[in-house]
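Chemist: Sequence plus predicted model, see below.
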Amino acid sequence: AQPEAPAPVAAPMRDLEWGQINFLHTTDIHGWLGGHLQEAQYSADWGDYVSFVEHMHRKANEKGVDLLIVDTGDRVEGNGLYDGSDPKGNYTYDIFGQQNLDILCTGNHELYQEDTVAREHSITVPHFKKSYIASNLDYIEPETGNQIPQAKRYIKFKTKNQNYTVVALGFIFDFDRNANNSVVVPVAETMKQEWFQSAIREKPDLFVVIGHVGLRMAEFEQIFKVIRDENWYTPIAFLGGHAHVRDARRFDDKAVAIASGRYFETIGWLSVDGISKRKTDVATSARAGVTFKRRYIDNNVLGLQYHAGVDEKNFTTAHGRNVSRMITEARKALNLDHKIGCAPKDLWMTRAQYPSNASIFTWLEKKVIPDTVINEERADKPRLTIVNTGAVRFDIFEGAFTKDSTYLISPFTSKFNYVPDVPYAVAKKVLQLLNNGGAVFQAGHLDTKYLSIPEQMAPSPFLGKEPSPPPHVARPIFYDGEQAQRPLVEDEDGGDNDGDDEEPELVNGYTTKDDLGDDGDDAVHSPIKFYSVPNCIQAQVAFPEAGDPETVDLVFIDYVQPWIIPALKFSGGDYDTDNITVYTNATLTDVIAEWVGKHWTEGC
Ligand SMILES: Nc1ccn([C@@H]2O[C@H](COP(=O)(O)O)[C@@H](O)[C@H]2O)c(=O)n1
């Protein structure tokens, strides 16, 4: 039988504040359409979201306002529901397509592999013909080699209840590791194109710019400036993603952006009020006070029922129930609950310090990689094996470790390559270079921050006060959040949340701070500490008992390859890509599953 997620605990709640145009926003779902089976507070599935949206549309109609449903990409890679089938996504495209989306775009994970790009073009784009936008993304048709827009460049529509004119654009950040059957046109170049220049002169009442773009990255700011130069008073709502964080950024008093987290933990809410009908009344537009409100909804059924104003009995709609059934059947067909082993304890990506016994990276470095990333012909050679921390996507919870868990931890198809017999004096410098970045790697696509976890790539200033690390410290950005993240509601007695006073004990969760304040999360939580991680970790294997080896095999997960040759060169090693060969065809997913199956055999 399907394991049931534990019931969510009721938390003190903040209401949604409605405006004239309202958005529900998902981003970076990464296949988690089944919700979080091990975390009650994020346990609603895509079927529950379908039910929720139906209720919210009814509410919008009753209020006479508009509700638009948005997704900003990275729907794939990161969950067995997507990655566990062959071909990948056999079930998820259909399940995702059950939601009525008004605006959606592509993320970088829809672009890494040629077959993913092609499936997006042949399944998702036609399914959402009217709402899919690809402002800066082209597709190369396999039959003709022609470069065509992946979807519409922009859409213009009237809202149903308020009759506002909206122009919507949909971008992906300046991504350059896309497969050959796709072309990402840099944002700055796109904005010079004729269609874009016409779009920003359409004189709508509201611009909606969605994008697979982190709010603290440069791209949204560039777009904001160009639209604003042409439209001094028009409100602009930005909905972004990619950085896997909850965040809001204010560009000016009429332009605000939100990002709605990751892995279907969060459903974002953005409302815009005070919009005037620009075509008929420019003077009013100039004066009008536009207000933006945002909320980050924890994705659980209790919260969704609360916001929808519907009780348990009436929440699940026929369509929603059907979608949840599709998910259950898909999980069963994929055998995702098949138990590979039993995790003896929790292992954390950023909730525990690295290195430490509770860090998933220490576990990989000390146990999994030494035991499993092996080329039999070179097993006795000393080696350094490098894995980027971005290759790891999620925590491990104590208890059953299933087929699904392997994809949650690392879904990628990257294999391991190596450079044989590198002088140790050269090889030993590589890790530090990858972690410190700096001048060795020119800015742009070789920026070493792209090796790290998404949350660290372009962090919000509200995550904490950035310490200035000494040059040898391998953590360029991100900080111990202990200083920065405080409980939103402190108990009178000092807020120890120990349950010995009148206040209800708060559940650990998001305590977001952003440009709009510290009241964004719908459920009031006690904070979770974050610790920074380096860009890469390294396992040292088969070293002599005493002294250093003369040479080592420099093994690395192939995602890191573009950085390896420059790092070796800077360390004094003259290598090129001809020196790189396959070390093992196993993926990180394979080796983790192998290790867990052998070592975590008891306990659940
Ligand atoms: N094959 C891959 C692909 C990606 N990564 C890591 O993920 C980061 C991007 O994550 P988003 O979900 O924000 O797109 C990327 O920078 C890499 O660190 C990987 O390791 N292997």
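Modeler: The structure has been received and is ready for your questions.
Chemist: Show me which residues of the stretch 251-400 of the chain sit near the ligand.
Modeler: Residues of the stretch 251-400 of the chain found near the ligand (CB under 6 Å from any ligand atom) are 388, 390-391. Every residue, glycine included, has its C-beta placed from N, CA and C.
Chemist: Quick one: neighbours of Val463, just the number.
Modeler: For residue 463 the amino acid is Leu, not Val. Leu463: 23 surrounding residues under other CB atoms under 10 Å.
Chemist: Next: Leu33.
Modeler: Other residues near Leu33 come to 28 when the count uses other CB under 10 Å.
Chemist: just Pro544 next, same as before
Modeler: As a burial measure, Pro544 scores 9 neighbours (other CB under 10 Å).
Chemist: and it, what helix or strand is that in?
Modeler: Here Pro544 sits in a region with no helix or strand, counting by DSSP states H and E.
Chemist: Hmm, it is touching Pro382, no?
Modeler: Yes. Contact criterion CB atoms under 8 Å: Pro544 and Pro382 qualify, at 7.0 Å.
Chemist: which one of the residues of the stretch 251-400 of the chain next to the ligand is nearest the ligand?
Modeler: Nearest to the ligand among these: Gly390, at 1.8 Å, using CB to the nearest ligand atom.
Chemist: didn't the closest one look like it was pressed against Tyr450?
Modeler: Yes. Taking CB under 8 Å as the definition, Gly390 is a contact partner of Tyr450 at 7.4 Å.
Chemist: what residues are up against the residue in the stretch 401-550 of the chain that the ligand sits nearest to?
Modeler: Among the residues of the stretch 401-550 of the chain, Pro454 lies closest to the ligand, at 3.2 Å counting by CB to the nearest ligand atom. When the contact criterion is CB atoms under 8 Å, 6 or more residues apart in numbering, the partners of Pro454 are 28, 214, 242-244, 262, 390.
Chemist: Just send those residues back as CSV, with secondary structure too.
Modeler: Shown next, in CSV, are the contacts of Pro454 (DSSP: H, G, I helix; E, B strand; the rest coil):
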residue, secondary structure
Asp28, coil
Gly214, coil
His242, coil
Ala243, coil
His244, coil
Arg262, coil
Gly390, helix
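Chemist: and this protein, which residues reach the ligand?
Modeler: 28, 74, 108-109, 112, 242, 244, 388, 390-391, 412, 414, 450-452, 454, 559.
Chemist: Now do the SS call for Gln234.
Modeler: I think there's a mix-up here, since residue 234 is Thr and not Gln. coil.
Chemist: Give me the number of neighbouring residues for it.
Modeler: 24.
Chemist: you'd agree it is up against Glu202?
Modeler: No. Contact between Thr234 and Glu202 fails when scored by CB under 8 Å: they sit 9.9 Å apart.
Chemist: so how far is the one helix or strand Glu594 maps to from its chain's centroid?
Modeler: Using DSSP H and E, Glu594 sits in helix 588-599. In terms of CA atoms, centre = their mean, to the nearest Å, the centre of helix 588-599 is found 24 Å from the chain centre.
Chemist: contacts for that helix?
Modeler: 83, 340-341, 343, 364, 367-369, 371-373, 387, 391-392, 401, 403, 406-407, 409-412, 414, 557, 586.
Chemist: What subset of the residues you listed is buried?
Modeler: 83, 340-341, 343, 364, 368-369, 372-373, 387, 391-392, 401, 403, 406-407, 409-412, 414, 557, 586 (16 or more other CB atoms under 10 Å).
Chemist: picking that back up, which ones among the contacts of helix 588-599 lie within helices?
Modeler: 83, 369, 371-372, 403, 406-407, 409 (DSSP state H).
Chemist: Would you reformat those as JSON lines and include pLDDT?
Modeler: Shown next, in JSON lines, are those (pLDDT from 0 to 100):
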{"residue": "Asp83", "pLDDT": "98"}
{"residue": "Ile369", "pLDDT": "98"}
{"residue": "Asp371", "pLDDT": "97"}
{"residue": "Thr372", "pLDDT": "98"}
{"residue": "Lys403", "pLDDT": "97"}
{"residue": "Thr406", "pLDDT": "97"}
{"residue": "Tyr407", "pLDDT": "98"}
{"residue": "Ile409", "pLDDT": "98"}
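Chemist: Quick one: end-to-end distance for stretch 440-452.
Modeler: By CA to CA, to the nearest Å, the extent of stretch 440-452 from end to end equals 17 Å.
Chemist: show me the contacts for the residue of the stretch 151-300 of the chain found nearest the ligand.
Modeler: Scanning the stretch 151-300 of the chain for proximity to the ligand using CB to the nearest ligand atom identifies His242 as nearest, at 5.0 Å. Going by CB under 8 Å, 6+ apart, His242 touches 27-28, 72-74, 107-108, 173, 212-214, 217, 259, 454.
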